[in-house]
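Participant: Quick one, fold the following:
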Amino acid sequence: MTPGSWVYVPRGTRHGFTASADARALILVTPAGLEGFFAELGGGLAAGTPTQELRAALKGRFDSVPA
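Facilitator: This is a model prediction of the structure:
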């Protein structure tokens, strides 16, 4: 993707993403409720928690299931 790109993911669509260390994103979630997932995921990654361990801890919460 290039700077300024956007993605629409319909509710219930299986998806995922990978970001580089210097990536920035603006994520709009409607209806609200998934923002806690990104806050906990980002906080865990910043603390150095391995991705798979984080995803396992968040499994089933926020209507999210690891791929």
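
Participant: where does Ala19 sit relative to Gly60, distance-wise?
Facilitator: Noted for Ala19: a distance of 23 Å to Gly60, by Cβ to Cβ, to the nearest Å. (Glycine included, C-beta is placed from N, CA and C.)

Participant: where exactly do the strands run in this structure?
Facilitator: With DSSP state E, there are no strands along the chain.

Participant: And the helices in it?
Facilitator: Here the chain has its helices, by DSSP state H, at 35-46, 51-58.

Participant: Now the longest one: buried residues?
Facilitator: Looking back up the chat, that one is helix 35-46. Under the neighbour-count criterion of 16 or more other Cβ atoms under 10 Å, helix 35-46 has Glu40, Leu41, Gly44 buried.

Participant: what number of residues lie near the residue lying closest to the last one once chain neighbours are set aside?
Facilitator: I take that to be Gly44. Closest residue to Gly44 apart from its sequence neighbours, by Cβ to Cβ, 6 or more residues apart in numbering: Leu54 at 4.3 Å. Residues near Leu54, counting by other Cβ atoms under 10 Å, number 18.

Participant: doesn't Gly43 make contact with Leu54?
Facilitator: No - in this structure, Leu54 is not within contact of Gly43 by Cβ atoms under 8 Å, at 9.3 Å.

Participant: what touches both of those two?
Facilitator: When Cβ atoms under 8 Å, 6 or more residues apart in numbering defines a contact, no residue borders Leu54 and Gly43 alike.

Participant: Quick check: closest non-adjacent residue to Ala25.
Facilitator: Ala19 (6.9 Å).

Participant: what's the spacing between the one you found and Gly42?
Facilitator: 10 Å.

Participant: And for Tyr8?
Facilitator: 22 Å.
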